[in-house]
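**Student:** sequence? don't have it. structure:
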């Protein structure tokens, strides 16, 4: 592997992880394989990699977002970029869940199986939107940084960066400190990325060794609908918008952005992948670092198109399982609820299932049916996280192009930085 690009190394690590995992799956009951290889070696390497990435999230978000807001230099421009970013995320989320509902109605995944067994799911109460909006404002910014409350960190970072912008030269020394801190944090991210192939291999191998082909089981139709919706959204919606608004080559996008997609797939966390996403978008896609540092942390927190697709298919799937007919008004309610909930519950743990329970409640479907899909949600979570960060990157490219903050030569370069 010496001399090969990081993209190639991660791809090979993923493929090797799948093969090794499937080979070990039949031996999952063996003490040596389970206790020493899967539960110790794979868990140690994979969890350590996630821990190192997670270690970088809070300092990266706070430093980069503060610096991004400060370096935009114009409060009006800051508001314009923020409006474009939020508009894109809301639009694509609405498209995502609409696409998912259409797929569910066409392929009818809920008619391929019959309900058997006792499936239960205890729904967590979703917070009221007004409380979420109030809680976004940090009463103790240091506490928010310590606890990793991403919405509060984003608000405080934007507030700090805007204040630096308004102060101009008076805050020049503070701005210089943040620039140096940003360089240090990005260097640390590059150091962590050296471990990516090993971490990705361990995470994928453990997943496949644990679930194997049984991860599909009787829910194959549901899984295929969700995965199909995710692929269509990633390939048609995102790349259609990218090409229509910027003229950029979609194939080059995936070629250059693959390292971040691989990490997102293996970690199942947009926030954990954020350091890699920012580094990849800046170095391999050519986006101005100040703009990327603004749009990507927002996307990692509020852009949940992959989750929206899961909710759309799951809603139709559960309705079909129970023989409940949903009308046009119900589907419009699902689209509106899921779109707004993607922002309204952004800072809540277990957000995907909380959002789904909200949607099911709105249209009168049994929330306990979520227990049916919990067993395979890990596999789907990996895929939808990869789609989520793809949307973050596409949004950043579109906004960057509209603001003349994109280096097209870097994007189109044949030998991108590995």
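**Tutor:** Yes, it's here. Keep in mind that this is a model prediction, so the values were computed, not measured. Residues are numbered from 1 along each chain as shown.
**Student:** Confirm that residue 323 lies within a strand, as I assumed.
**Tutor:** No - Residue 323 is assigned coil when assessed by DSSP: H, G, I helix; E, B strand; the rest coil, not a strand.
**Student:** phi, psi of it?
**Tutor:** phi 70, psi 30 (degrees, to the nearest 10).
**Student:** Got the confidence number for it?
**Tutor:** If you check residue 323, the pLDDT there is 81.
**Student:** Number the residues from 694 up from this point.
**Tutor:** Noted, 694 is the first residue going forward, which turns the last one into residue 1016.
**Student:** Tell me the buried residues in stretch 1058-1067?
**Tutor:** For stretch 1058-1067, burial by neighbour count (16 or more other Cβ atoms under 10 Å) applies to 1058-1063, 1065-1066. Where you see a C-beta, it was placed from the backbone N, CA and C, and this is true even at glycine.
**Student:** and the residues you listed as CSV, adding distance to residue 729, pLDDT and secondary structure?
**Tutor:** Converted to CSV, those look like this (distance: Cβ to Cβ, whole Å; pLDDT from 0 to 100; DSSP: H, G, I helix; E, B strand; the rest coil):
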residue, distance to residue 729, pLDDT, secondary structure
1058, 44, 82, coil
1059, 42, 79, coil
1060, 40, 75, helix
1061, 38, 71, helix
1062, 38, 72, helix
1063, 34, 74, helix
1065, 34, 66, helix
1066, 32, 72, coil
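**Student:** since we're on residue 787, how many residues are nearby?
**Tutor:** 18 (other Cβ atoms under 10 Å).
**Student:** and the gap between it and residue 1091?
**Tutor:** Relative to residue 1091, residue 787 is positioned 17 Å away (Cβ to Cβ, to the nearest Å).
**Student:** try residue 900
**Tutor:** 33 Å.
**Student:** How about residue 917?
**Tutor:** With the distance defined as Cβ to Cβ, residue 917 ends up 30 Å from residue 1091.
**Student:** Just want to know which of the two has more residues nearby.
**Tutor:** The neighbour count for residue 917 versus residue 1091, taken as other Cβ under 10 Å, is higher for residue 1091 (22 against 16).
**Student:** Moving C-terminal from the helix or strand containing that one, which element do we reach first?
**Tutor:** In this assignment (DSSP states H and E), residue 1091 forms part of helix 1070-1095. For helix 1070-1095, the following helix or strand on the C-terminal side (DSSP H and E) is helix 1101-1105.
**Student:** which residues are contacting that following helix?
**Tutor:** For helix 1101-1105, contacts defined as Cβ atoms under 8 Å, 6 or more residues apart in numbering pick out 941-942, 945-946, 949, 976-979, 1090, 1109.
**Student:** if we go to 7 Å?
**Tutor:** 941, 945, 978-979 (Cβ atoms under 7 Å, 6 or more residues apart in numbering).
**Student:** Same list, these, but as a markdown table with secondary structure, distance to residue 1083 and neighbour count please.
**Tutor:** Below are the contacts of helix 1101-1105 laid out as a markdown table (DSSP: H, G, I helix; E, B strand; the rest coil; distance: Cβ to Cβ, whole Å; neighbours: other Cβ atoms under 10 Å):
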| residue | secondary structure | distance to residue 1083 | neighbour count |
| --- | --- | --- | --- |
| 941 | coil | 14 | 21 |
| 945 | helix | 14 | 16 |
| 978 | coil | 12 | 25 |
| 979 | coil | 17 | 22 |
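**Student:** And these, which is closest to residue 838?
**Tutor:** residue 978 (28.4 Å; Cβ to Cβ).
**Student:** Residue 951 is in contact with that closest one, correct?
**Tutor:** No - when contacts are counted by Cβ atoms under 7 Å, residue 978 is not listed as touching residue 951 (11.4 Å).
**Student:** Please name the residues that touch the closest residue to residue 754 other than its chain neighbours.
**Tutor:** Excluding its sequence neighbours, the residue lying closest to residue 754 (Cβ to Cβ, 6 or more residues apart in numbering) is residue 990, at 4.6 Å. Counting by Cβ under 7 Å, 6+ apart, residue 990 touches 754, 757-758, 847, 967.
**Student:** Residue 772: how many residues sit nearby?
**Tutor:** Other residues close to residue 772 by other Cβ under 10 Å number 12.
**Student:** Could you check which helix or strand contains it?
**Tutor:** With DSSP H and E as criterion, residue 772 is part of helix 768-800.
**Student:** elements contacting that helix?
**Tutor:** helix 736-765, helix 843-860, helix 913-925, helix 982-995, helix 998-1014, helix 1021-1037, helix 1070-1095 (3 or more Cβ pairs under 7 Å, 6 or more residues apart in numbering; DSSP states H and E).
**Student:** quick one: buried residues of the second one?
**Tutor:** Buried residues in helix 843-860, counted by 16+ other Cβ under 10 Å: 843-851, 853-855, 857-858.
**Student:** ok, back up a step: and the helix holding residue 772 with helix 982-995, angle?
**Tutor:** Orientation check (axes from the mean of the first three to the mean of the last three Cα atoms, to 10 degrees): helix 768-800 against helix 982-995 gives 40 degrees.
**Student:** buried sites along helix 768-800?
**Tutor:** Neighbour-count burial for helix 768-800 flags 771, 774-775, 777-779, 781-783, 785-797, 800 (criterion: 16+ other Cβ under 10 Å).
**Student:** Just want the angle from it to helix 736-765.
**Tutor:** 140 degrees.
**Student:** Next, residue 697: secondary structure please.
**Tutor:** Quick answer, by three-state DSSP: residue 697 is coil.
**Student:** Let me know the distance separating it from residue 898.
**Tutor:** Applying Cβ to Cβ, the value for residue 697 to residue 898 is 20 Å.
**Student:** Where do the helices of the stretch 794-943 of the chain begin and end?
**Tutor:** 822-828, 834-840, 843-860, 865-886, 889-904, 913-925, 932-939, 943-960 (DSSP state H, counting those that start in this stretch).
**Student:** okay if I get those helices as CSV plus mean pLDDT and distance to residue 714?
**Tutor:** Shown next, in CSV, are the helices of the stretch 794-943 of the chain (pLDDT from 0 to 100; distance: least, Cβ to Cβ, whole Å):
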stretch, mean pLDDT, distance to residue 714
helix 822-828, 71, 38
helix 834-840, 90, 34
helix 843-860, 84, 31
helix 865-886, 85, 23
helix 889-904, 81, 3
helix 913-925, 90, 17
helix 932-939, 95, 30
helix 943-960, 90, 12
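**Student:** Quickly note the distance from the most far-flung residue of the chain relative to its centre to residue 852.
**Tutor:** The centre of the chain is farthest from one residue, residue 863, which by Cα atoms, centre = their mean lies 37.3 Å away. Applying Cβ to Cβ, the value for residue 863 to residue 852 is 17 Å.
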